[in-house]
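Student: build me a model:
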Amino acid sequence: MLKNRPFDPNSLANFAHPDIRPPMGIGAVVWRYTVLLPLTEQKFGETNIVSIASGEDIENLRSRLAADFLPSVMGYGLRDPNDPASIEFNRNLPFLAYARPIAASDRYFDRLQQELCEAFNQGVILIERQEAFLFASSPEKPALVSTSTRPKARRK
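Tutor: Below is the predicted model:
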């Protein structure tokens, strides 16, 4: 296995256009991307657990996505895509980011996937894109709140 190199957050600088930021504070369609960052892998039957992304890599990715989009969450994941007969136990850290639904957003995450594959010597880094709708309202007129008055008390 080739030695990993650190994740380079600056590799995304040319793709981090202000237009890819989601419109916040209004109802809007956005694309939600989930990036599964590999943390460790272990070949089935072996005791050796190999670290992939370091704490510094995680913080660099978290900082980059927070600067360009929004924060992240945690989870688990998949097997070695280069050997379908093998079984691996991988632990991944998913990062969620909301982006404006434009081609520049896809280009950003295509580049991120390429950088992560190269940095961590992985055949595949999964990045999922879903369409979502962000509910939002202005302080003067809250969304999803009934404007009707309280029910009248029953007369006796």
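
Student: what are the buried residues along the longest helix seen in the chain?
Tutor: Ranked by number of residues, the top helix in the chain under DSSP state H is helix 103-120. Residues of helix 103-120 classed as buried by neighbour count (16 or more other Cβ atoms under 10 Å): Ser105, Asp106, Tyr108, Phe109, Arg111, Leu112, Gln113, Glu115, Leu116, Ala119, Phe120. Heads up, the C-betas are built off the backbone N, CA and C, glycines and all.

Student: now do the contacts for the last one.
Tutor: Read it as Phe120. By Cβ atoms under 8 Å, 6 or more residues apart in numbering, the contact set of Phe120 is Asn4, Phe7, Pro38, Ile52, Ala53, Asp57.

Student: any idea how many residues pack against the first one?
Tutor: Same thing as Asn4. 18 (other Cβ atoms under 10 Å).

Student: does anything pack onto the helix or strand harbouring Val30? Which helices or strands?
Tutor: Secondary structure assigned from DSSP states H and E places Val30 in strand 28-41. The contact analysis (3 or more Cβ pairs under 8 Å, 6 or more residues apart in numbering; DSSP states H and E) places strand 28-41 against strand 50-51, helix 55-68, strand 91-99, helix 103-120, strand 127-134.

Student: quick one: which of these is nearest Phe15?
Tutor: helix 103-120 (4.0 Å; Cβ to Cβ).

Student: now that closest one - C-alpha only, PDB.
Tutor: The C-alpha coordinates for helix 103-120 follow below in PDB (Å, rounded to 0.1, in the frame of the first residue of the first chain):
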ATOM      1  CA  ALA A 103     -22.800  22.800 -12.000                       C
ATOM      2  CA  ALA A 104     -20.100  24.600 -10.000                       C
ATOM      3  CA  SER A 105     -21.200  22.700  -6.900                       C
ATOM      4  CA  ASP A 106     -20.700  19.400  -8.700                       C
ATOM      5  CA  ARG A 107     -17.300  20.500  -9.900                       C
ATOM      6  CA  TYR A 108     -16.300  21.400  -6.300                       C
ATOM      7  CA  PHE A 109     -17.300  17.900  -5.000                       C
ATOM      8  CA  ASP A 110     -15.700  16.100  -8.000                       C
ATOM      9  CA  ARG A 111     -12.400  17.900  -7.200                       C
ATOM     10  CA  LEU A 112     -12.800  17.100  -3.500                       C
ATOM     11  CA  GLN A 113     -13.300  13.400  -4.300                       C
ATOM     12  CA  GLN A 114     -10.300  13.400  -6.500                       C
ATOM     13  CA  GLU A 115      -8.100  15.100  -3.800                       C
ATOM     14  CA  LEU A 116      -9.200  12.700  -1.100                       C
ATOM     15  CA  CYS A 117      -8.600   9.600  -3.300                       C
ATOM     16  CA  GLU A 118      -5.100  10.900  -4.100                       C
ATOM     17  CA  ALA A 119      -4.300  12.100  -0.600                       C
ATOM     18  CA  PHE A 120      -5.400   8.800   1.200                       C
END
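
Student: thanks a lot, see you next time.
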